[in-house]
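K.L.:
only geometry, no sequence info:
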């Protein structure tokens with residue numbers, strides 16, 4: 001025998017909330033409109049009943065206008081998105097996107113290391129978090145590429161057919 005709990009029409013100060021428990025999903029409605037669904041695969045759907053692309057369908061957020069996700073952290077803390085393939089060690093943070101509120105920098109990491117850094121003045125550096133750009137930071141924008149080990153920093157300019165048509169080394 002299967003037990004089932006059905007909760008309907010909970011009235012509160014802001015309107016009527018309905019929770020629908022179904023064998024294939026749970027839905028949460030507010031004022032007769034479904035706002036969130038958890039399906040039988042564990043996917044969370046907000047503002048939609050249709051999951052996203054199969055490679056990124058665990059959380060789908062949809063609206064009819066501009067749509068976004070906000071990560072709010074303290075003024076001296078970081079907002080982070082981590083890409084992981086394990087539950088411990090370095091594989092827990094193979095890749096990441098970090099916004100540091102303490103210095104207003106945006107950082108991208110691969111293979112556990114920061115690779116791209118955008119500072120608060122808009123300077124972009126690859127391979128270092130310290131842009132080496134001449135000037136006082138108010139009248140210049142720049143890109144710094146720093147090499148490591150036996151590799152050389154290089155910016156290549158070319159087209160699809162002949163990628164070695166130009167470069168800055």
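P.N.:
Now that the structure is in, tell me what you want to look at. These numbers come from a predicted model, not from an experiment. Numbers count the residues shown, from 1 in each chain.

K.L.:
Show me the shaky parts of the chain.
P.N.:
For the chain, the stretches with pLDDT under 70 are 1-15, 130-169.

K.L.:
What ranges does it have for its helices?
P.N.:
Under the criterion DSSP state H, the chain carries no helices.

K.L.:
What ranges does it have for its strands?
P.N.:
7-12, 15-21, 25-30, 33-39, 44-46, 59-61, 78-83, 95-100, 105-110, 113-118, 124-126, 143-145, 155-157, 166-168 (DSSP state E).

K.L.:
and these as JSON lines, adding distance to residue 89 and mean neighbour count?
P.N.:
Where C-beta positions appear, they are placed from N, C-alpha and C, glycine not excepted. JSON lines is the format used below for the strands of the chain (distance: least, C-beta to C-beta, whole Å; neighbours: other C-beta atoms under 10 Å):
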{"stretch": "strand 7-12", "distance to residue 89": "42", "mean neighbour count": "9"}
{"stretch": "strand 15-21", "distance to residue 89": "39", "mean neighbour count": "14"}
{"stretch": "strand 25-30", "distance to residue 89": "35", "mean neighbour count": "15"}
{"stretch": "strand 33-39", "distance to residue 89": "30", "mean neighbour count": "15"}
{"stretch": "strand 44-46", "distance to residue 89": "27", "mean neighbour count": "18"}
{"stretch": "strand 59-61", "distance to residue 89": "25", "mean neighbour count": "15"}
{"stretch": "strand 78-83", "distance to residue 89": "13", "mean neighbour count": "13"}
{"stretch": "strand 95-100", "distance to residue 89": "14", "mean neighbour count": "17"}
{"stretch": "strand 105-110", "distance to residue 89": "15", "mean neighbour count": "16"}
{"stretch": "strand 113-118", "distance to residue 89": "14", "mean neighbour count": "16"}
{"stretch": "strand 124-126", "distance to residue 89": "26", "mean neighbour count": "18"}
{"stretch": "strand 143-145", "distance to residue 89": "30", "mean neighbour count": "15"}
{"stretch": "strand 155-157", "distance to residue 89": "34", "mean neighbour count": "11"}
{"stretch": "strand 166-168", "distance to residue 89": "38", "mean neighbour count": "11"}
